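> quick one, fold the following:
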Amino acid sequence: MSQLPVLLLPHPLILLPTARLTIPISRVLADAILALLDDSDSAQPLLAAIPIPEGPSEVTYGTAARVARLVRPRSLSSPTQPYLLSLHGLARIRLSSPLQVDAISLDVLPLRNVIHSSADTSPSRDTVEAFKDAALTLLDRLAKDSLQPQRKDDWLRVAAMVEDISEQRAAWMADVLVSAVSPQYPDKFAFLVATDVEDRLRHATELFIKQSSIQEVSKKIATAVDESLSRQQKEYFLRQQLAAIQRELQSLNNSPVTAGPGFGTGGATSELDDDDQADADDLADLRRKIEALEVGTEERKVGVREWRRLKRIPQGSVENGVIRSYLEWLTSVPWPSNTTTTPLDVLKDHSFLTRARAQLDADHYGLDQIKRRLMEYLAIVRLRAIADAAAAPQTEAGAVVKADSPLPPPPPPPKSKGIKGPILLFVGPPGTGKTSLGQSIAKALGRPFQRISLGGVRDEAEIRGHRRTYVASGPGAIVQALRKAGRNDPVILLDEVDKVGHSNFHGDPAAALLEVLDPEQNHSFNDHYINVPIDLSQVLFICTSNTLETISAPLLDRCEVVELSGYTYDEKIHIARRFLLPKQIRTNGLSDSQLNLSDEALLHVATMYTREAGVRSLERAIGAVVRFKAVEWAEHLDAQGQGGEGTVAVKDEKQKEWRAVVEEHELEKILGIPRWDGEEREREEKRGVVYGLVVTGMGEGGILPVESTALPGVGRLKLTGSLGDVIKESGEIALSWVKTHAFDLGITAGRGIDPLKVPDGIDVHLHLPSGAQKKDGPSAGIAMICAFVSLLSGACVPKDIAMTGEITLRGRVTPVGGIRMKVLGAHRAQIRKVILPWANRKDVEHDVAIEVRREMQFCFVRTIDEALEAAFGRGALGWRRETVLLESRL
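As a prediction, this is how the structure comes out:
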């Protein structure tokens, strides 16, 4: 034990053995050290350097240090320039009694008894090896991270010393390395107070491992930051250079003097020039649109929030472009606060409904049911607008009366929401005018028209939009249509809604349409990209479909179904005369005076060259006729020009040879042999053959022969023609009924006799032609019974009679569907008499046009007996009625 003057080191200074430390001291403390130098026998006296922990506490451990140097300031009179004291650590010491830091001043050197640590003992070999491995790892990391070559060489030399250090010198090397790496204060203080060599090396090992991890993470972070900064700086400099080059090129192009051909544009400016002023104008316009949104609405809150984010993000970053694109979409959506609707003056005009009806009649012929439904909607819109306009002055007058009241003024009246647009679903075969009818409706309403094709759509995001987290995301088709329309009450046509994709890993697009087409929900439609509720209640949605079978039941329940079954021949002639023929004449460069088709020619084209519910094939046939006449007219003009100016008289004579009217007998030369002429000739009265009415997969009606024949066999029934289970059962029911009533029909000689086994065994083969097409449905029962009765009795059904209806074993005739399509198909096939179930009488009176009913005879039957009598004629079948014998009492 010895006494040493104590020098308190302020926090966070720590002096370790083998280390040097230079600290500033006050003049009072410097005088005390000078006095110590004068009194000491040695030139470098010893001090006890005791570190002071953070906060008030007692100090015990420190380092015996030698005063290596004391430097005076340049000016002794300056109080701001302190003395500099350099200390060299020698060994660890411990005060015999703790020293209270608060009790003494830092400017004094009190004498205290100190205890030196015991002589260093040799640590274990494992501890030394672990210490070496941790030290070499840390030194290797420091050497790699060093930017200065001299510093790197120093770390490598120290690493070489560590490899060759002996076990006795390991503690000394630990003091050297810990002093060099400058760890955190708690770790360094814990290493100082570890007087045991083994414990000291373990502390050094843990400290080196921790410092290696810190160095590695710091290096990664620094590298990443440097790369990011260098990339951003490079992009910034390149953009600045590009802008400077563009400005110089623009100034050269705008200069009046050009350098010759190929240099500049001679002062012309382009709207595609991407200069700073155009970008600033775009941002200013974007800000004006955000400010134009109604205060307090959700869309304005979102717009303001995204605008603030946009201003904080650098202009060249990717996120800046993403937010800017979102704001452009957000402000381009027609919100209720910044959109326009149909003016009130237009709705209050007395001729509003008349002009709308005239517009519908001018664009489409017929379709009375659809026009009636649209006129109902327009009338309600007009009445609602007039009622709202009448209520507005009363509200203003009430506000004036209450102006003198001390109560606060009442809130402004809520805006009128208008009437909700109907959800119409047009169902019908192709070519019946469903899509063009939507355009006509928009024109009659005075609203913008947008069409969305849903055929083949299989991703839900195409309806609802993609979320903003995805790359190249955008809004759905509904929002895009609203943006193009520019109003919140357009007419949107959802075309081919029956061909939308069903549920898959992309989602269910049909389920996404449920919210769009629900009048109770679409006032707050949520697009995934916009993510702000959008009001679709004012939109008039019109859906088109060829069939209802592929549309889901929930989606079908939200729509008002309007059927477009097809056109009669009379309607086709009117459509061709008013729309198709003038369109083809204009398309092919002719005028109305140069070409015309007679009514007989148009009827011949419609009946012999086309057989469809719509008018597309008819338009193509008329187009072929017009093109043929266009070639003749061009050759006629060329022939007129061959004679030159001196052949005026000849020219007039040739003009008389031109025939502008196309007659019926000329069509075969133009269009070729009629496509349907062969079928008309083959339709003849034949035993076992009757004609039924069918509806094809595209919704078109037509006739289908039901053929039956007898061949040797054992009484079996064979059904062919790609028939489904339902229609096969109808065939079996029909044959069972015929067998049961064979005696009544005069087919067998007695009751209980099977007509297929007596007198000779036969099989019955029933066939429905066009075997490549699937056929099924409960509507062929009457036709099959008539075919079996005709086959077994020998009576024939006339070729101009067609029938449809299902049967039961009791002999009743049940109703079927698709009556309008079937009747129109029979009318196109020139059927004169149609046999239908009695329950379908209302369908004929309601859906079939009066012109068709006048040209055809309808027989409505309740039982099979009535159907057979209507098909074969009264008395054609030898019915055997049961005779009732009565006893005479005369």
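> just say helix, strand or coil for the residue positioned nearest the centre of the chain.
For the chain, the residue sitting closest to the mean C-alpha position, by CA atoms, centre = their mean, is Glu462 at 2.1 Å. With DSSP: H, G, I helix; E, B strand; the rest coil as the basis, Glu462 sits in helix.
> got a list of what it touches?
476-477, 509 (CB atoms under 8 Å, 6 or more residues apart in numbering). Any C-beta I mention is one placed from the backbone N, CA and C, and that applies to glycine too.
> so Leu192 makes contact with Ile93?
No - counting by CB atoms under 8 Å, Ile93 is not a contact partner of Leu192; they are 10.5 Å apart.
> who has more neighbours out of the two?
Between Leu192 and Ile93, Ile93 has the larger neighbour count (other CB atoms under 10 Å), namely 26 against 22.
> and the more buried one, what helix or strand is that in?
Using DSSP states H and E, Ile93 sits in strand 83-100.
> roughly how far out does that strand sit from the chain middle?
Computed by CA atoms, centre = their mean, to the nearest Å, the chain-centroid distance of strand 83-100 equals 76 Å.
> for the stretch 101-250 of the chain, give me the ranges with low pLDDT.
For the stretch 101-250 of the chain, the stretches with pLDDT under 70 are 102-106, 118-120, 224-232.
> for Thr544, which non-adjacent residue is spatially closest?
Spatial nearest neighbour of Thr544, excluding adjacent residues (CB to CB, 6 or more residues apart in numbering): Lys434 at 4.1 Å.
> for the stretch 501-650 of the chain, which spans come out with low pLDDT?
Residues of the stretch 501-650 of the chain that meet the cut-off, pLDDT under 70, sit at 503-506, 642-650.
> and the helices in it, which stretches?
Along the stretch 501-650 of the chain, the stretches classed as helices by DSSP state H, counting those that start in this stretch are 509-516, 553-557, 569-575, 581-587, 599-604, 616-640, 648-657.
> those helices into JSON lines, with extra columns for distance to Pro490 and mean neighbour count?
As requested, the helices of the stretch 501-650 of the chain are exported to JSON lines (distance: least, CB to CB, whole Å; neighbours: other CB atoms under 10 Å):
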{"stretch": "helix 509-516", "distance to Pro490": "14", "mean neighbour count": "21"}
{"stretch": "helix 553-557", "distance to Pro490": "21", "mean neighbour count": "14"}
{"stretch": "helix 569-575", "distance to Pro490": "27", "mean neighbour count": "19"}
{"stretch": "helix 581-587", "distance to Pro490": "26", "mean neighbour count": "16"}
{"stretch": "helix 599-604", "distance to Pro490": "37", "mean neighbour count": "18"}
{"stretch": "helix 616-640", "distance to Pro490": "27", "mean neighbour count": "17"}
{"stretch": "helix 648-657", "distance to Pro490": "51", "mean neighbour count": "10"}
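> follow-up on the earlier one: any idea how far the residue nearest to the centre of the chain lies from Arg862?
51 Å (CB to CB, to the nearest Å).
> for the strand holding Ile93, packing partners?
Secondary-structure packing of strand 83-100 (3 or more CB pairs under 8 Å, 6 or more residues apart in numbering; DSSP states H and E): strand 2-9, strand 20-25, helix 27-39, strand 46-51, strand 58-71, strand 111-116.
> pipe these into TSV and attach mean neighbour count and distance to Asp527 per row.
What follows is the helices and strands packed on strand 83-100, written out as TSV (neighbours: other CB atoms under 10 Å; distance: least, CB to CB, whole Å):
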stretch	mean neighbour count	distance to Asp527
strand 2-9	18	67
strand 20-25	15	68
helix 27-39	14	75
strand 46-51	23	66
strand 58-71	18	69
strand 111-116	15	79
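> quick one: those as JSON lines, columns for distance to Leu514 too.
Compiled in JSON lines, the helices and strands packed on strand 83-100 are given as follows (distance: least, CB to CB, whole Å):
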{"stretch": "strand 2-9", "distance to Leu514": "77"}
{"stretch": "strand 20-25", "distance to Leu514": "79"}
{"stretch": "helix 27-39", "distance to Leu514": "86"}
{"stretch": "strand 46-51", "distance to Leu514": "75"}
{"stretch": "strand 58-71", "distance to Leu514": "77"}
{"stretch": "strand 111-116", "distance to Leu514": "87"}
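> of the ones you listed, which approaches Leu283 most closely?
The minimum distance between Leu283 and the helices and strands packed on strand 83-100 falls on strand 20-25, with 55.5 Å, by CB to CB.
> how far does the closest one sit from its chain's centre?
On the basis of CA atoms, centre = their mean, strand 20-25 sits 71 Å off its chain's mean C-alpha point.
> next: stretch 206-223.
48 Å.
> list the beta-bridge partners for Leu70.
For Leu70, the beta-bridge partners under DSSP bridges are Leu85.
> contacting residues for it?
30, 33-34, 37, 83-86.
> out of the helices and strands packed on strand 83-100, which is closest to Asp638?
Per CB to CB, nearest to Asp638 of the helices and strands packed on strand 83-100: strand 20-25, 111.9 Å.
> sheet partners, orientation included, of the closest one?
Going by DSSP bridges, the partners of strand 20-25 are strand 83-100 (antiparallel).
> now do the buried residues in the strand it pairs with.
83, 85, 87-90, 92-95, 99 (16 or more other CB atoms under 10 Å).
> what mean pLDDT does that strand have?
Per-region confidence: strand 83-100 scores 81 on mean pLDDT.
> now stretch 290-297
Mean predicted confidence for stretch 290-297 is 87.
> so Leu693, which of the three states?
Leu693 is classified as strand under three-state DSSP.
> again with the one 10 residues further on
Recorded secondary structure, Ile703: strand (three-state DSSP).
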